[in-house]
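1. Generate coordinates for the sequence data below:
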Amino acid sequence: MRMHVMELRPGDRVTEDIFNSFGVFVLQRGASLTDEAIVKLVQHGIDYVDVEPPIKDVPSSPNQSLSASLLNLKPKFEGAIDVFETLFLESLANGKFSDEGIDETLKPLMDDLTAQKDVVSLLMMFNHQDEYTYNHSLQVGLLSFYIAVWMGYDQEEAYKIGKAGYLHDMGKCMIPPHILNKPGKLTEEEFEFIKKHTHYGYELILNSTGDETAALVARQHHERDDGTGYPYGLYKEEIHPYARITAVADTYSAMTSKRVYQSKKEQLTTLQELYKLSFGQLSGEAVQALIRHLIPNFIGKKVLLTTGETGHIVMTNHSDFFRPLVKTETRFADLAKEPETAIQEVFM
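-> Model prediction:
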């Protein structure tokens, strides 16, 4: 059956060899179409192709299986968030916390993460405004773990980094709620108070666990390589490597989460901003590891464009990773060539 290129779907099988108008060979007879192959047809100016009739009983797609695997992880995420809430409230009441249940909760969860390839969908499960601090802390812990693995740390050390990321904001329990959850812009005095959460976190973690490294991560995760961070204005060589990884995870999570005083940013835009920050403020190695492993996860994701169109990302642009090719119902939108069009939201 003859179909217009815009009607093609991944899995369709072509019944004839395909050549462009100049006689250049494009696709072989019997080839099973992928998103990349469909894009290739468009790039060669081919409007119609002959394909086999569609089969009605189509097996479940990888995305459906992936959703099931994420669903199975959700109770473990909720359990880890509950544990953090307990630690947070215990610290507020007693000035320290018991770390007995942390490893029992986090270790099995992070072991399960190694099999989870769609990290973008996993991170999107945390986009809740309610209890931001608790959700954010787990997200930073998981993302710190992933970045460490991607940078070549072994599983044991990556777990330590993930655990430090999980505890990095513990000091916020000492910040008055009316400042911590203020919907408007903080005054200079209030911001100075917020900065103290790094000191509070250091003392809490050290006194509760004796873990000097995790305590340093809590104190240094807002330091920046160029000395513009806080609380001490340290430079790259003075900041613990674990804290530099956590800083990247913390920044990504904060930007992509909905909070009482800001709207969440679209994930690809956030990665682009992190890329810019990697030239001076954030660890270039950690940011590059994050970008390199997250970008492929966006292929196949449903998106809403600022034009109001919906579609799916079918290919990343080698010239601009952050402005991909999107297939809508009526066209292919190459965002690298449409600067006025942007992705407004990415869906799981």
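
2. can I see the domain layout of the chain?
-> Using automatic domain parsing, the domain parsing of the chain gives 2-50, 62-296, 299-347.

3. per-stretch mean pLDDT over these, give me the minimum one.
-> The weakest mean pLDDT among those belongs to domain 2-50, with a mean of 85.

4. hang on, the earlier thing: pick the most deeply packed of the domains of the chain.
-> Of all the domains of the chain, domain 62-296 has the most neighbours on average by mean count of other C-beta atoms under 10 Å, namely a mean of 18. In this view, the C-beta of every residue, glycine as well, is placed from N, C-alpha and C.

5. Help me confirm that Gly311 is found in a strand?
-> Yes: according to DSSP: H, G, I helix; E, B strand; the rest coil, Gly311 belongs to a strand.

6. In contact with the closest residue to it other than its chain neighbours: list those residues for me.
-> Take Gly311 and drop its neighbours on the chain: the residue closest to it by C-beta to C-beta, 6 or more residues apart in numbering is Thr328, 3.7 Å away. Residues counted as contacts of Thr328 (C-beta atoms under 8 Å, 6 or more residues apart in numbering) are Leu305, Glu309, Thr310, Gly311.

7. Got phi/psi on Thr187?
-> Main-chain dihedrals, Thr187, degrees, to the nearest 10: phi -70, psi 170.

8. shift numbering so it begins at 868
-> Taking 868 as the first residue, the last one we looked at is Thr1054.

9. so which strand or helix has the closest residue to Gly946 other than its chain neighbours?
-> Distances taken as C-beta to C-beta, 6+ apart place Thr972 nearest to Gly946, at 5.8 Å, with adjacent residues excluded. Element membership of Thr972 [criterion: DSSP states H and E] is helix 969-980.

10. what's in contact with that helix?
-> Helix 969-980 has contacts (C-beta under 8 Å, 6+ apart) with 940, 943-944, 946-947, 950, 954, 989, 1008-1009, 1012-1013, 1025-1026, 1029-1030, 1033-1034.

11. surely Leu1172 meets Val1193?
-> Yes: Leu1172 is within contact range of Val1193, at 6.6 Å (criterion: C-beta atoms under 8 Å).

12. can you give me the strands in this structure?
-> Taking DSSP state E, the strands of the chain run over residues 869-871, 885-886, 892-894, 915-917, 1169-1172, 1177-1184, 1187-1195, 1199-1201, 1210-1214.

13. Mind giving me the packing neighbours of the fourth one?
-> Counting by 3 or more C-beta pairs under 8 Å, 6 or more residues apart in numbering; DSSP states H and E, the packing neighbours recorded for strand 915-917 are strand 869-871.

14. next one: the fifth one
-> Applying 3+ C-beta pairs under 8 Å, 6+ apart, one finds that strand 1169-1172 makes contact with strand 1177-1184, strand 1187-1195, strand 1210-1214.

15. Dump those to a markdown table, plus distance to Thr1076.
-> Putting these into a markdown table (distance: least, C-beta to C-beta, whole Å) gives the following:
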| stretch | distance to Thr1076 |
| --- | --- |
| strand 1177-1184 | 41 |
| strand 1187-1195 | 39 |
| strand 1210-1214 | 37 |
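
16. Nearest to Val906, out of these?
-> Closest to Val906 of the helices and strands packed on strand 1169-1172, according to C-beta to C-beta: strand 1177-1184, at 5.3 Å.

17. Tell me how far Tyr1020 lies from Pro1098.
-> With distances taken as C-beta to C-beta, to the nearest Å, Tyr1020 is found 26 Å from Pro1098.
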